[in-house]
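A.B. asks: Can you look at this prediction? I've put the sequence above it.
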Amino acid sequence: MTKMKKVAYSILAIGILFLGYVVLFPFYDVGPDKSNYETIVCFGDSLTSGIGASKGMDYPSQLSKMINKPVINAGVPGDTTAGALRRLQRDVLSKDPDIVMITLGGNDLKNGVSKDTAFDNLLKIVDAIQENGAKVIIGGIKFPFRDRGYGKGYQDLADQTGATLIPDIFYDIMGKQKMMSDPIHPNDAGYTLMAQRFYEALVR
């Protein structure tokens with residue numbers, strides 16, 4: 001057998017082995033690696049605590065099922081950015097989280113708190129969480145005709161801190177009767193959509 005034929009047969013054999021490997025061991029897409037996200041805290045107001053949801057249907061509980069890992073629900077109904085800042089150490093930083101998901105600002109807007117005050121508090125919250133080594137995902141809110149600049153405030157906050165932003169966590173929920181339990185709180189279906197959005201932000 002000539003040297004050229006030996007080379008050709010060797011190349012052919014390697015090709016056959018490679019094809020056999022691909023057939024037996026295909027290159028599956030195993031999805032994003034979430035192994036580093038051991039401690040996840042959902043920090044916020046009634047949208048986090050789950051007002052309007054059935055038992056186990058608040059968004060943190062649904063998210064926990066999606067990722068098959070525990071998720072800490074640190075939501076307090078009626079909480080403002082100032083209240084959240086005061087309890088940040090106790091309810092978030094002391095848990096040494098890897099991921100913190102935030103829904104805050106709606107009560108500030110409802111209570112007439114100035115945009116500058118609310119987002120100064122949020123900046124302090126996000127900075128402290130990031131300095132503690134956690135990734136931050138913010139669920140922004142937009143209320144048409146009542147926004148007072150809050151929607152842009154979330155975008156500015158994300159641009160300034162590098163936090164991941166869901167621009168409008170209420171998109172296609174607010175105002176949809178089939179998604180709401182009352183004028184401001186989702187029902188089970190609405191919280192499912194919120195959980196899906198936080199999940200997508202977590203794994204992308």
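C.D. replies: Happy to help now that I have it.
A.B. asks: Name the residues of stretch 132-140 that are buried.
C.D. replies: Within stretch 132-140, the residues that count as buried by 16 or more other CB atoms under 10 Å are 132, 134-140. Just so you know, the C-beta spots here come from the backbone N, C-alpha and C atoms, and that holds for glycine as well.
A.B. asks: For the chain, which residues score under the pLDDT cut-off?
C.D. replies: 1-36, 144-145 (pLDDT under 70).
A.B. asks: Do a quick rundown of the strands in this protein.
C.D. replies: 40-44, 71-75, 99-103, 135-139, 164-166 (DSSP state E).
A.B. asks: can you tell me which of these comes nearest to residue 59?
C.D. replies: Closest of the strands of the chain to residue 59 is strand 40-44, at 7.1 Å (criterion: CB to CB).
A.B. asks: which residues sit against that closest one?
C.D. replies: 48, 59-60, 63, 67, 69-76, 79, 84, 88, 91-92, 95, 97-104, 125, 139, 198, 202 (CB atoms under 8 Å, 6 or more residues apart in numbering).
A.B. asks: Please repeat the previous calculation with a cut-off of 7 Å.
C.D. replies: 48, 60, 69, 71-75, 79, 84, 91-92, 95, 97-104 (CB atoms under 7 Å, 6 or more residues apart in numbering).
A.B. asks: Just the buried ones from those residues, in ChimeraX syntax?
C.D. replies: Here is the ChimeraX selection string for the buried members of the contacts of strand 40-44, based on 16+ other CB under 10 Å:
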select :48,60,71,72,73,74,75,79,84,91,92,95,97,99,100,101,102,103,104
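A.B. asks: re earlier: tabulate the strands of the chain in CSV, adding columns for distance to residue 179.
C.D. replies: CSV is the format used below for the strands of the chain (distance: least, CB to CB, whole Å):
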stretch, distance to residue 179
strand 40-44, 18
strand 71-75, 19
strand 99-103, 16
strand 135-139, 15
strand 164-166, 16
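A.B. asks: circling back to that earlier point, save the buried residues of stretch 132-140 as TSV, and put in distance to residue 190 too.
C.D. replies: Below are the buried residues of stretch 132-140 laid out as TSV (distance: CB to CB, whole Å):
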residue	distance to residue 190
132	31
134	26
135	25
136	23
137	18
138	18
139	13
140	16
